[in-house]
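Visitor: Have a look at this fold, sequence not included:
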């Protein structure tokens, strides 16, 4: 039975680790906050007291942490994974971070004989619980083959999209699309509301044609009701759009519309909406045309 | 058997008129170019030699013409529909025009006892042929009820969205979404291509999550292949975004992202791409980051 | 002594008409509101009771009215200028309207043997009172020569910029620049304020270099103090940006930044700021990043 | 006679160092490329062989290097300024870098008893040669007083704008304004050119009113002639707009128009225009509306 280490047992990591146990893996999890391991242990997994303990026990180690500095600390830090790693181990970073972070991690890992994949996900807490995440994987084909059983335990749509960093690029493209479509749906709904149209009927007919999209299907009703319980927080989408624009800048690519969308996310945070679901961007667009 | 007049037998109108015949209506069609009536006659319909002839014969008259001035000429012109109309007739405008045009038409029609609906469609030539158009209808509920059999002969998703003009507002929202999503998909595909990622794999995984949308499903493969056969022409989408921004301006609504998208459609026409499918907008975004 | 008719005695027109009297012209003015002629009469001019009276008396007629429909009514209306005009008269439209309006006016006037110039101005109420307006003139060179003494009585910078409509194009370019620079100055001042910098010192040093501009010189202090007494109203600048974008659309020209600025002016009106000075746009930008 | 060290003898630094000699300072300069010190030595200054030599000799050290990493290396590097500094020395960074760089430098310097100012400049090569730079200074008031004679030798408009980092914030605001105004002037000139207007006459009349600005005065003629010899390179302005948007993001400030301008600079570089003068941005805007 493969031993899978799992570092980062937050809203996403916890149910993913549990799904790995259910799929038959021997999972040893670590979180900075020990109480976060409760669900994993209850499901039949083990709780580690340190990163070193995970490194000692696991053949494959999965990371699911918030941001690039977290990945760097966990992997490259003084008492981090690579300080305790063995040649032949496989490190799968499922966090959403910059492609540069993954390149740096891969280089440092290779020097120790450790292989790496970047494998960020889409699908949110619900996808993590249901084991239906979309997974976009960058790295070597043979490592992707090795990791496939792990991915199948937590995801449904699983694609090897290119070399190291490619997973993060596709995740960036994903966040570009989702953020932008939220903005467009906001503009469309506000136009409909401002014009005395029945918005529910409008959403039904819009969903049936070329304008149809998942944001409209899953979020329009809540947007019309001005209910923005997270969900995926504006703060995180703001961080992700920073990654998008930096990646585009590095690639020499001008993204005029995404740049405007990113500024509206900056506005959302400045308006104190950072902890709302990203569909709460509608409030920024609405505020633009409302008396105070 | 209800007699349905049909004015405008172009790419959209022709198959719609034929579908009405197939559904059992007695259809009498008129086009400025008499040869356009060939399909209709072959299917068992009749060709009229003038608008007056249509007005004399039909209980319900459907319009499917390119732009607001065409509607005004056909309906309000010296030898137009209202000049020959009878009280109790129902006029259904399925063209995409401004809400103001529909209000003006409705007012002039009411003075003659003629009822009106605005009922623009989404779904393109394919939807017109297959009889699967989405139809967004503005007008009185009882007129919508009267017209339902006509709509069911040509469409699948059929919604009464509000009073006169409401159909055009929802169509505007539809074009806002489609145009904007085409732009976002362009930006996302270019990011992926510029970064050495497998674009086909990227499209598969993007389509599986919250970023999923109909443009990605139906057009991304052609966009990656740089094939932009129409389809729905950039020239027409440009016209429609003019309607969107004018409607928003009238409603006192600021649409920052749609405004940028509209300028990119202006650029597309200026670059000589007006007759390409609207997904050809990708070439404008690509050109922005390419040496000449 | 040349007889100059003057139609439109509002905030701009009144002092311009007075300056014409001071320069030695025999001025006969008309306003829809008779009481508006008080200043003109006090200065030695005459008040007309109708447009027909102006047309009968004047060799040159100046128009200074709010918008395109006003120009059309005054010139082309049933009892308008052209209904009473004589061949050889010169009509100078100093209003800010669309180039199309001027083309239509010129065509109708030519049919009566009446010559026309479009000659919109920049400089505001202060420039009108001081006789220091900038005047951008479209039309024939010989008509410009004829009108020069009139222009010199009310303006300082006077340029013949091209054929009929050219004056309005340059005025559009002027409003594009002023609106956009107000937005940029707003963004710059907010950046400085948000960062704990001394804004007055910042304005002094910014004004001294390549960033220097008239908006910074004349309006930055009031913008920092959040004082937005008109001045030139947001409502009017909003109207003018509509002219700019329509002219660009006609010319096949994509203006991405102006389009965003125009949407911020739409927002300003929607936020109830329409009667503030156009520098009040700062409040929209500020609101974008403020909790409510 | 005060000994002034000068590190960075490029296009800007060389004439500045020479002007310090002319003003009576004993200047000891260092450049990575020793041949760069030729002008300084010819003017009566001294050439140092290492940063350590500068640190040993000088009471005040001026930095004029390209970017944040250069500042960090020169100041914080193993053999950098602080490794050799003495308590009481004053370090003046006149480079354009992030406010964060200046904060980090100031903190490290303070630990050694070294005082710092950030003092970026505006005015370009011409201002450096003529000694007429605008200088925006962040840091303690007493250090500003100490440095004033140095600033007066190289600049004309000299302002203490706030604490450490404030100088860089104001420089960021300067680049926001200059980059944005270049874009607006491009849009305005293209509108005028596309409409058959005399562009030289248009520029004259625009310059005379509220639209007047330094970019129009100094660059419009070259822009109309499509001559874009540097000047200040697009590559550098691109870098600076990165600083602007990062500073705004840190300050929680949404800058919608600057964000679009920044994407157009990204496009300019991608189009191979990076070494043109920043007014070459016009070519990007022009290309947007031109057939290829």
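Guide: Everything's here; your move. Everything quoted here is computed from the prediction, not taken from an experiment.
Visitor: Could you pull up the mean pLDDT of stretch A:254-274?
Guide: Across stretch A:254-274, pLDDT averages out at 98.
Visitor: What segments of the stretch 101-250 of chain A are helices?
Guide: Counting by DSSP state H, counting those that start in this stretch, the stretch 101-250 of chain A has helices at residues A:124-130, A:141-154, A:166-194, A:199-207, A:214-224, A:234-250.
Visitor: looking at those, which is buried most?
Guide: Ranked by mean neighbour count, these are led by helix A:166-194 with a mean of 27 (mean count of other C-beta atoms under 10 Å in any protein chain shown). (Each C-beta comes from the backbone N, C-alpha and C, glycine too.)
Visitor: and the direction of that one versus that of helix A:199-207, what angle?
Guide: Using axes from the mean of the first three to the mean of the last three C-alpha atoms, to 10 degrees, the inter-axis angle of helix A:166-194 relative to helix A:199-207 is 140 degrees.
Visitor: quick one: contacts for the residue in the stretch 1-150 of chain A positioned nearest to chain B?
Guide: Here the stretch 1-150 of chain A gets closest to chain B at one residue, residue A:122, 3.7 Å apart by C-beta to the nearest C-beta. Neighbour list for residue A:122: A:133, A:134, A:136, A:171, A:174, B:205, B:208, B:209, B:210, B:211 [criterion: C-beta atoms under 8 Å, 6 or more residues apart in numbering or on different chains].
Visitor: distance of the residue nearest to the third one when sequence neighbours are not counted from residue B:204?
Guide: If you skip the residues right next to it in sequence, residue A:136 has residue A:170 as its closest partner in space, 4.0 Å away by C-beta to C-beta, 6 or more residues apart in numbering or on different chains. Taking C-beta to C-beta, to the nearest Å as the measure, residue A:170 and residue B:204 are separated by 10 Å.
Visitor: shared neighbours, these two?
Guide: Taking C-beta under 8 Å, 6+ apart as the contact rule, the neighbours common to residue A:170 and residue B:204 are residue A:159.
Visitor: Surely residue A:273 and residue A:284 touch.
Guide: Yes - look at residue A:273 against residue A:284 with C-beta atoms under 8 Å: they come within range, at 7.2 Å.
Visitor: before we move on, the earlier item: quick one: which of the contacts of residue A:122 sit in strands?
Guide: Using DSSP state E, the subset of the contacts of residue A:122 located in strands is A:133, A:134, A:136.
Visitor: From those, pick the one nearest residue D:149.
Guide: Closest approach between these and residue D:149, by C-beta to C-beta: residue A:136, at 59.4 Å.
Visitor: Contacts only, for the residue nearest to residue A:136.
Guide: Going by C-beta under 8 Å, 6+ apart, residue A:170 touches A:120, A:136, A:138, A:159, A:161, B:192, B:197, B:201, B:202, B:205, B:206.
Visitor: what does residue A:252 give?
Guide: Applying C-beta under 8 Å, 6+ apart, the residues near residue A:252 are B:194, B:289, D:266, D:269, D:270.
Visitor: How about residue A:218: what's its closest non-neighbour residue?
Guide: With C-beta to C-beta, 6+ apart as the criterion, residue A:218 has its nearest non-adjacent residue at 7.1 Å, and that residue is residue B:210.
Visitor: That neighbour: neighbouring residues, count only.
Guide: Close neighbours of residue B:210, defined as other C-beta atoms under 10 Å in any protein chain shown, add up to 25.
Visitor: I'd guessed it sits against residue A:178; true?
Guide: Yes - using C-beta under 8 Å, residue B:210 is in contact with residue A:178, at 5.1 Å.
Visitor: Would you mind grabbing the residues shared as contacts by the two?
Guide: With C-beta under 8 Å, 6+ apart, residue B:210 and residue A:178 have common neighbours residue A:215.
Visitor: for the residue lying farthest from the centre of chain A, phi and psi?
Guide: In terms of distance from the mean C-alpha position of chain A, residue A:196 ranks first, at 37.8 Å (C-alpha atoms, centre = their mean). Main-chain torsions, residue A:196, degrees, to the nearest 10: phi 70, psi 30.
Visitor: correct me, but it touches residue B:161?
Guide: No - using C-beta under 8 Å, residue A:196 makes no contact with residue B:161, being 9.9 Å away.
Visitor: Could you list the domains of chain A?
Guide: Listed domain ranges for chain A are A:3-162, A:169-288 (source: automatic domain parsing).
Visitor: Any chance of those domains in CSV with distance to residue B:247 as columns?
Guide: Below are the domains of chain A laid out as CSV (distance: least, C-beta to C-beta, whole Å):
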stretch, distance to residue B:247
domain A:3-162, 34
domain A:169-288, 7
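Visitor: Can you pull the residues of the stretch 101-250 of chain A lying near chain D?
Guide: Residues of the stretch 101-250 of chain A lying near chain D by C-beta under 8 Å from any C-beta of the partner chain: A:242, A:248, A:249.
Visitor: rerun that using 7 Å as the cut-off
Guide: When proximity is defined as C-beta under 7 Å from any C-beta of the partner chain, the stretch 101-250 of chain A approaches chain D at residue A:249.
Visitor: Look through the stretch 101-250 of chain A and state the residue closest to chain C.
Guide: In the stretch 101-250 of chain A, the residue that lies nearest chain C is residue A:194 (9.5 Å; C-beta to the nearest C-beta).
Visitor: Quick one: residues contacting the residue nearest to that residue when sequence neighbours are not counted.
Guide: Nearest residue to residue A:194, sequence neighbours excluded (C-beta to C-beta, 6+ apart): residue B:251, at 3.9 Å. Counting by C-beta atoms under 7 Å, 6 or more residues apart in numbering or on different chains, residue B:251 touches A:191, A:194, A:195.
Visitor: do residue A:54 as well
Guide: Contact analysis of residue A:54 by C-beta under 7 Å, 6+ apart lists A:5, A:7, A:28, A:30, A:48, A:61.
Visitor: swap the cut-off to 6 Å and go again
Guide: Going by C-beta atoms under 6 Å, 6 or more residues apart in numbering or on different chains, residue A:54 touches A:5, A:28, A:30, A:48.
Visitor: Chain D next: which of these are close?
Guide: Among those, no residue lies close to chain D (C-beta under 6 Å from any C-beta of the partner chain).
Visitor: so which strand or helix has the closest residue to residue A:291 other than its chain neighbours?
Guide: In this structure, residue A:291 finds its nearest non-sequential neighbour in residue C:272, 4.4 Å apart by C-beta to C-beta, 6+ apart. Secondary structure from DSSP states H and E places residue C:272 outside every helix and strand.
Visitor: ok, now residue A:28?
Guide: strand A:26-30.
Visitor: Does residue A:244 touch residue A:173 like I think?
Guide: No - between residue A:244 and residue A:173 there is no contact under C-beta atoms under 6 Å: 7.8 Å.
Visitor: What parts of chain A come near chain C?
Guide: Contact residues (C-beta under 6 Å from any C-beta) of chain A with chain C: A:267, A:270, A:271, A:272, A:288, A:289, A:291.
Visitor: Now go through those residues and say which are in strands.
Guide: Using DSSP E, no member of the residues of chain A next to chain C sits in strands.
Visitor: so can I have a markdown table of the residues you listed showing neighbour count?
Guide: Putting the residues of chain A next to chain C into a markdown table (neighbours: other C-beta atoms under 10 Å in any protein chain shown) gives the following:
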| residue | neighbour count |
| --- | --- |
| A:267 | 27 |
| A:270 | 20 |
| A:271 | 22 |
| A:272 | 13 |
| A:288 | 26 |
| A:289 | 22 |
| A:291 | 8 |
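Visitor: Over to residue A:281: give its phi and psi.
Guide: Dihedral pair for residue A:281: phi -50, psi -30, per degrees, to the nearest 10.
Visitor: Now do the same contact list for it.
Guide: Counting by C-beta under 6 Å, 6+ apart, residue A:281 touches A:182, A:183, A:186, A:268.
Visitor: show me the contacts for the closest residue to it other than its chain neighbours.
Guide: Nearest residue to residue A:281, sequence neighbours excluded (C-beta to C-beta, 6+ apart): residue A:182, at 5.2 Å. Contacts for residue A:182 (C-beta under 6 Å, 6+ apart) come out as A:215, A:278, A:279, A:281.
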